[in-house]
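J.: A structural model of the following input is requested.
(2 chains, ligands or ions: 3)
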Amino acid sequence: MNEIMQKEKQAETKTFEPRIVAFMCNWCSYSGADLAGVSRMKSSPNIRIIRAMCSGRVDPSFVLRAFELGADGVMIAGCHYGDCHYIEGNFKTMRRVELMKLMLQQFGIDKRRLRLEWISASEAEKYAQVSFEFTEQVRELGPLNLRFN
Amino acid sequence: MAKPKLALYWAASCGGCEIAVVDIEEHLLEVAEFFDIVFWPCVMDFKYADIEAMEDTSIDITLFNGGIRTSENEHLAKLLRAKSKVLVAFGSCAQEGCIPGLANAYDKKGIYEFVYGTSPSVEEQSKYTFPVTCTEMPEGEIDIPEFRETLQPLDKVVDVDYYVPGCPPQSNQILIVLQTVMAIISEGKELPPRGTILGAGEKTCCDECPRERKEKKIKEFFRPHEIIPREDECLLDQGILCMGPATRSGCGALCVQANVPCRGCYGAPVHVRDQGAKMISALASVLEAETPEETRQIISKISDPLGSFYRFSLAASTFCRVQLSGNGRNE
Ligand code: SF4
Ligand code: SF4
Ligand code: FES
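T.: Residues are numbered from 1 along each chain as shown, chains lettered A, B, ... in the order given. Ligands and ions are numbered 1, 2, ... in the order given. Model (predicted):
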């Protein structure tokens, strides 16, 4: 049994395409990603975007849930400091992410699987670049095969 | 009319839940009067065979405390599920794994190596003598239950009807639960919907806490022994990690009233699945930090975040356990 699983895993690693969930805030980052699309820039196809009203809306449990359901990496993107539509939602996000990274490490999950980025509505290029960078980072870390029991 | 049948069982637990039941004092007599207690290994002499011989669903209600650590725990969980009309996950261990669930930071190998190998209480000559599940003896084979890799809460193994949180559940709450159950049975009323949490509140521990809260701005954390907290002010405001905001109400904020921070034994509050995630969210709102560096500086003083945020609920958390295989690639 173990052998079969091992083989399967090896096969999977060979053709490993990271699954990445990105929570992006409506007012800046999502628009930035949208602009990248509208401007026909190339961005990583491994990213599945979920739009949130603010990065501060992204409850830590959403991040854990994404990993639980099979994400190999999770990105949260929001407005730059001072630009958050809800004044300081993104400060809260930054503190959450620091706490989550601390905890993920203890859970045995590499903290580099969680990434925080500030992307404004005009930074289409930054989105495109980050999307590739993060995809390669997660690819290097390999698949996250969580074990629950 | 025959009395309704009641069973109580303990799996991987400390026995505190049993004490808490006995702590309802003279009301225990009402319970014994009302119910026919068919199984309660901690208190009376019953054999598993007695239960096996019973018809399915012939026990009206079973209060099951303790998590599922061994094959024996699982066998009894399945057996009692089959024999009971109503199965209650009683106490934090059965509900969410509790302290025994913290062993999910390790696996069987790690636990065995410590307990039977490197632990200071192991005698020299018996170091690294591990239990084996089956041993040949002249009289035949003898078995002991198999130890599992991961501790699981009761509802990961069988269907659970109700939950009574707490480590242990407070006796006044147990009494309310038992009296409610007795009233429902004797008046033929309908049971609450499946999955209901009994013997607890709908808010958080903070809502029951008499301490005064200001607008929180935490600059530094202290462990309880490092400062003498002011008695009437919120402990979290004073930099002591208190799980109050991420813990269900129901105990009456007992610990905080004794000047000790809430450790979170009543589990996650209503609509919260992951207690640690909730605590992270709560803390992120109150740290006085404007940059990642400042944040890291402050939170570096939280000793063992995982063990603190999930002290009671690691086994029922989103991840259930710590990943040891290394595929998380930690360094
Ligand atoms: S954090 Fe603790 S001390 Fe503060 S109000 Fe909540 S329960 Fe009370
Ligand atoms: S204050 Fe917290 S740890 Fe103490 S009994 Fe209440 S819920 Fe449990
Ligand atoms: S609205 Fe963009 S981070 Fe708050």
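J.: which stretches of chain A have low pLDDT?
T.: For chain A, residues meeting the criterion pLDDT under 70 lie at A:1-14.
J.: How are the helices of it distributed by residue range?
T.: A:2-14, A:29-38, A:60-68, A:89-106, A:124-141 (DSSP state H).
J.: ditto for the stretch 101-250 of chain B
T.: B:108-113, B:171-187, B:205-208 (DSSP state H, counting those that start in this stretch).
J.: Would you convert these into TSV that also reports mean pLDDT?
T.: What follows is those, written out as TSV (pLDDT from 0 to 100):
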stretch	mean pLDDT
helix B:108-113	94
helix B:171-187	95
helix B:205-208	97
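J.: Let me know which of these is the nearest to ligand 2.
T.: Closest approach to ligand 2 among the helices of the stretch 101-250 of chain B (C-beta to the nearest ligand atom): helix B:205-208, 5.2 Å. Heads up, the C-betas are built off the backbone N, CA and C, glycines and all.
J.: Check which helices and strands that closest one sits against.
T.: Contacting helix B:205-208 under the criterion 3 or more C-beta pairs under 8 Å, 6 or more residues apart in numbering or on different chains; DSSP states H and E is no other helix or strand.
J.: Show me what counts as buried in that helix.
T.: Residues B:205, B:206, B:208 are the ones in helix B:205-208 that count as buried (16 or more other C-beta atoms under 10 Å in any protein chain shown).
J.: Then stretch B:155-173?
T.: B:155-158, B:160-171, B:173.
J.: now the end-to-end length of that stretch.
T.: End-to-end span of stretch B:155-173 (C-alpha to C-alpha, to the nearest Å): 21 Å.
J.: Centre of the chain to that stretch, how far?
T.: Stretch B:155-173 sits 8 Å away from the centroid of its parent chain (C-alpha atoms, centre = their mean, to the nearest Å).
J.: again, but for stretch B:117-132
T.: Taking C-alpha atoms, centre = their mean, one finds stretch B:117-132 lying 28 Å from the centre of the chain it belongs to.
J.: ok, now stretch A:111-118?
T.: Per C-alpha atoms, centre = their mean, the centroid offset for stretch A:111-118 relative to its chain is 6 Å.
J.: Over to stretch B:205-224?
T.: Worked out by C-alpha atoms, centre = their mean, stretch B:205-224 lies 24 Å from the chain centre.
J.: Contacts made by it with the rest, please.
T.: Stretch B:205-224 has contacts (C-beta atoms under 8 Å, 6 or more residues apart in numbering or on different chains) with B:201, B:232-241, B:243-245, B:247-253, B:256-257, B:260-262, B:266, B:283, B:285-288, B:298-299, B:301-303.
J.: Is ligand 2 within reach of that stretch?
T.: Yes: residues of stretch B:205-224 contacting ligand 2 under C-beta under 6 Å from any ligand atom: residue B:205.
J.: ok, and for that stretch, which residues are buried?
T.: Here stretch B:205-224 shows B:205, B:206, B:208, B:209, B:211, B:216, B:218, B:221 as buried, counting by 16+ other C-beta under 10 Å.
J.: tell me the contacts of residue B:279?
T.: Under the criterion of C-beta under 8 Å, 6+ apart, the neighbours of residue B:279 are B:243, B:245, B:246, B:264, B:309.
J.: What segments of chain B are strands?
T.: Ranges of strands in chain B, per DSSP state E, are B:5-10, B:36-39, B:59-65, B:68-70, B:84-90, B:134-137, B:140-143, B:147-152, B:162-164.
J.: elements contacting the fifth one?
T.: So the one you mean is strand B:84-90. Contacts defined by 3+ C-beta pairs under 8 Å, 6+ apart place strand B:84-90 against strand B:59-65, strand B:162-164.
J.: need the residues of the stretch 201-331 of chain B near ligand 1, please.
T.: Residues of the stretch 201-331 of chain B lying close to ligand 1 by C-beta under 6 Å from any ligand atom are B:205-206, B:209, B:211, B:213, B:234-236, B:242, B:244-245, B:253, B:256, B:262.
J.: wait, which of these is closest to ligand 2?
T.: Closest approach to ligand 2 among these (C-beta to the nearest ligand atom): residue B:262, at 3.2 Å.
J.: from memory the closest one sits against residue B:243, does it?
T.: Yes: at 4.7 Å, residue B:262 and residue B:243 qualify as touching, with contact defined as C-beta atoms under 8 Å.
J.: how deep is residue B:249 tucked in, by neighbour count?
T.: A count of nearby residues for residue B:249, using other C-beta atoms under 10 Å in any protein chain shown, gives 20.
J.: any idea how far residue A:21 is from the residue of chain B found nearest ligand 3?
T.: Closest contact between chain B and ligand 3, by C-beta to the nearest ligand atom, is at residue B:284 (13.5 Å). Taking C-beta to C-beta, to the nearest Å as the measure, residue B:284 falls 20 Å from residue A:21.
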